[in-house]
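Asks: When you get a sec, could you give me coordinates for this:
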Amino acid sequence: MGRDIRRVVILGANGAMGAGAGEVFAAAGIDTVFLARTREKAASGLERAEKLAKSEAIGRYITVGSYDDLPRVVPDADLIFEAVSEDLALKRVYFEKVDALRRPDAIVATVSSGLSIAAMAEGRSASFGRHLLGIHFFNPPNVIVGCELIPHAGTDPQVTTAVASLLRGRLGRELVRTSDTPAFCGNRVGFKVLNECAQLAETHGVEYIDALIGPHTGRAMSPLATIDFVGWDVHRAIVENVHANTNDEAHGAFGMPRYLGELITRGTLGDKTPELGGFFRRGAKGTPVLVLDPASGAYRPATGEVPEIARRMKALHHVGRYRQAFELFADAKGADAELMRNVVLGYVSYALCRVGAVVDSVTDVDRIMGYGFNWAPPSALCDTIGARRTVLLLEAAKLPVPRVLTDAAERNQPLFDPALGDIGRFFHA
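Replies: Predicted coordinates:
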């Protein structure tokens with residue numbers, strides 16, 4: 001397994017993730033074949049990759065074709081990278097074809113955002129199973145360097161090592177290895193928070209929740225705007241998968257809000273359906289942003305109102321006074337502050353409780369949340385607030401206190417690894 005990955009075949013290369021991943025491989029100088037249902041669709045993926053790279057020069061490493069070309073291109077591939085729709089049955093159809101055509105030493109990877117890797121190996125040859133794993137890029141992968149590597153129980157350790165070397169080295173990924181559990185680590189933690197905010201919006205309103213849990217709480221984009229960016233259909237697929245296949249302390253947070261499901265059936269998918277909108281509907285430049293009323297499904301102009309605690313925290317972050325901002329977060333009274341604490345502390349608790357079950361270390365959680373989601377890593381929040389004080393806040397909120405946090409508080413030691421970067425980069429004032 002010490003050989004180079006010299007040729008990659010992308011299935012589903014016309015989609016956002018297929019084209020984005022293809023751009024990453026091609027930008028590293030790897031010959032990459034874009035396949036889709038038709039050659040024209042694959043060509044559209046090439047155009048998308050060129051736009052991501054902001055250069056047509058990347059096209060010298062990319063060729064296009066249709067799935068009719070599988071018998072011609074798969075036998076020469078070192079890596080077959082599957083990026084078709086997030087549907088296990090559909091993926092199995094393509095894996096059956098790949099299994100019959102691939103070389104015995106060819107690696108097969110899926111970019112699934114959270115489906116079982118082991119389930120994808122069921123019914124396939126022993127060689128296929130040994131060479132199958134997940135490579136979960138985050139969108140857009142040419143910008144977001146966080147990446148999860150997910151071997152299943154039957155993956156050959158040498159395959160895992162070889163792919164990890166490729167991702168960390170030639171592709172420049174901030175890599176985290178996770179267990180083969182629903183939604184892996186990043187999406188499981190991130191979409192718990194996103195879906196919880198979607199639930200809260202039904203009671204408190206969309207604009208209020210996005211203003212309260214905005215960038216000042218340690219995220220590049222407010223939560224409901226993030227769901228619009230990701231796509232409501234993708235959001236539903238992830239949270240329903242976790243809700244159906246796990247039963248942990250935050251199980252209720254993964255319950256899909258009814259209003260989201262009803263609007264999805266009408267075609268509302270967020271930013272990918274601009275004429276229908278999502279939580280927000282943005283028209284031509286200069287026109288007012290409209291905000292969804294979850295109760296009625298209607299839209300109204302945004303008011304621009306921001307809760308006082310959010311305004312004050314944002315002002316402190318703007319001048320680099322992060323610790324003071326989170327002193328305010330911890331001390332502020334009133335319903336706004338209490339709700340903000342519940343959501344942010346819930347993120348800290350849930351993320352750090354995944355250590356030992358989904359990932360090996362606190363740094364793993366921090367790396368994928370910091371470089372995959374562009375959110376403040378949970379341990380950075382703990383250190384900014386103070387480990388002992390965070391324990392007390394979690395207890396007051398009746399949230400589980402992760403063992404790793406208790407240990408840090410008892411030893412009076414920081415949790416955050418400064419090698420991951422200055423925490424200021426995660427507070428977007």
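Asks: Any buried residues in stretch 22-31, and which?
Replies: Neighbour counts over stretch 22-31 (16 or more other C-beta atoms under 10 Å) mark 22-28, 30-31 as buried. For every residue, glycine as well, the C-beta is placed using N, CA and C.
Asks: Dump those to a markdown table, plus distance to residue 364 and pLDDT.
Replies: Conversion of those to a markdown table gives the following (distance: C-beta to C-beta, whole Å; pLDDT from 0 to 100):
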| residue | distance to residue 364 | pLDDT |
| --- | --- | --- |
| 22 | 27 | 97 |
| 23 | 26 | 97 |
| 24 | 21 | 97 |
| 25 | 24 | 97 |
| 26 | 28 | 97 |
| 27 | 26 | 96 |
| 28 | 24 | 96 |
| 30 | 27 | 97 |
| 31 | 32 | 97 |
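Asks: Keep only those of those that are in strands.
Replies: residue 31 (DSSP state E).
Asks: List the ones among the buried residues of stretch 22-31 that fall in helices.
Replies: 22-27 (DSSP state H).
Asks: Dump these to TSV, plus distance to residue 192.
Replies: What follows is these, written out as TSV (distance: C-beta to C-beta, whole Å):
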residue	distance to residue 192
22	30
23	30
24	27
25	31
26	34
27	32
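Asks: hang on, the earlier thing: ok, the buried residues of stretch 22-31 vs residue 407, which is closest?
Replies: The shortest approach to residue 407 among the buried residues of stretch 22-31 belongs to residue 24, at 37.2 Å (C-beta to C-beta).
Asks: so what's that closest one up against?
Replies: 137, 141-142, 171 (C-beta atoms under 8 Å, 6 or more residues apart in numbering).
Asks: The residues you listed into a markdown table, with extra columns for secondary structure?
Replies: Supplementary listing: those in a markdown table, determined by DSSP: H, G, I helix; E, B strand; the rest coil:
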| residue | secondary structure |
| --- | --- |
| 137 | strand |
| 141 | coil |
| 142 | coil |
| 171 | coil |
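Asks: and which of these is nearest residue 202?
Replies: residue 137 (31.8 Å).
Asks: in this structure, what spans have low per-residue confidence?
Replies: 1-3, 428-429 (pLDDT under 70).
Asks: go with 80
Replies: Within the chain, the segments meeting pLDDT under 80 span 1-3, 284-286, 428-429.
Asks: Check which helix or strand the residue nearest the centre of it maps to.
Replies: Central residue check for the chain by C-alpha atoms, centre = their mean: the C-alpha nearest the mean position is that of residue 187, 4.7 Å away. Using DSSP states H and E, the element containing residue 187 is helix 186-204.
Asks: thinking in terms of the whole chain, how far from its middle is that helix?
Replies: 13 Å (C-alpha atoms, centre = their mean, to the nearest Å).
Asks: buried set for it?
Replies: Buried residues in helix 186-204 (16+ other C-beta under 10 Å): 186-202, 204.
Asks: now for it, which elements pack on it?
Replies: helix 206-212, helix 223-230, helix 232-245, helix 335-352, helix 362-371 (3 or more C-beta pairs under 8 Å, 6 or more residues apart in numbering; DSSP states H and E).
Asks: Apart from its chain neighbours, what residue comes closest to residue 264?
Replies: With C-beta to C-beta, 6 or more residues apart in numbering as the criterion, residue 264 has its nearest non-adjacent residue at 5.3 Å, and that residue is residue 232.
Asks: got the angle for the helix holding residue 187 vs helix 362-371?
Replies: With axes from the mean of the first three to the mean of the last three C-alpha atoms, to 10 degrees defining the directions, helix 186-204 sits at 60 degrees from helix 362-371.
Asks: can I have helix 186-204 written out in CSV, keeping just the CAs?
Replies: Extracted C-alpha coordinates of helix 186-204, given in CSV (Å, rounded to 0.1, in the frame of the first residue of the first chain):
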residue,chain,number,x,y,z
GLY,A,186,-18.6,16.5,12.8
ASN,A,187,-22.1,16.2,11.4
ARG,A,188,-23.3,14.4,14.5
VAL,A,189,-22.2,17.2,16.8
GLY,A,190,-22.9,20.0,14.3
PHE,A,191,-26.4,19.0,13.2
LYS,A,192,-27.4,18.4,16.7
VAL,A,193,-27.0,22.1,17.3
LEU,A,194,-28.5,23.1,13.9
ASN,A,195,-31.6,21.0,14.3
GLU,A,196,-32.0,22.1,17.9
CYS,A,197,-32.1,25.7,16.6
ALA,A,198,-34.6,24.7,13.9
GLN,A,199,-36.8,23.3,16.7
LEU,A,200,-36.4,26.5,18.8
ALA,A,201,-37.3,28.7,15.8
GLU,A,202,-40.8,27.3,15.9
THR,A,203,-41.4,28.9,19.3
HIS,A,204,-39.0,31.8,19.3
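Asks: picking up where we left off before, dump the buried residues of stretch 22-31 to CSV, plus distance to residue 373.
Replies: As requested, those are exported to CSV (distance: C-beta to C-beta, whole Å):
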residue, distance to residue 373
22, 22
23, 20
24, 18
25, 23
26, 25
27, 22
28, 24
30, 27
31, 31
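Asks: If you count neighbours, what's buried in the one helix or strand residue 119 maps to?
Replies: Using DSSP H and E, residue 119 sits within helix 117-121. Within helix 117-121, the residues scored as buried using 16+ other C-beta under 10 Å are 117-118, 120-121.
Asks: same deal with stretch 49-69?
Replies: 49-50, 52-53, 58, 61-65, 67, 69.
Asks: Equivalent analysis for stretch 287-302, please.
Replies: Within stretch 287-302, judged by 16+ other C-beta under 10 Å, the buried ones are 290-294, 299, 302.
Asks: Report back the residue of this structure that's furthest from centre.
Replies: Distance-from-mean max, the chain, by C-alpha atoms, centre = their mean: residue 72 at 33.5 Å.
Asks: who touches that one in this structure?
Replies: residue 65 are the contacts of residue 72 under C-beta under 8 Å, 6+ apart.
Asks: where does residue 85 fall, helix, sheet strand or coil?
Replies: coil.
Asks: re earlier: contacting residues around the residue nearest to residue 264?
Replies: Residue 232 neighbours (C-beta under 8 Å, 6+ apart): 260, 263-264, 268-270, 278.
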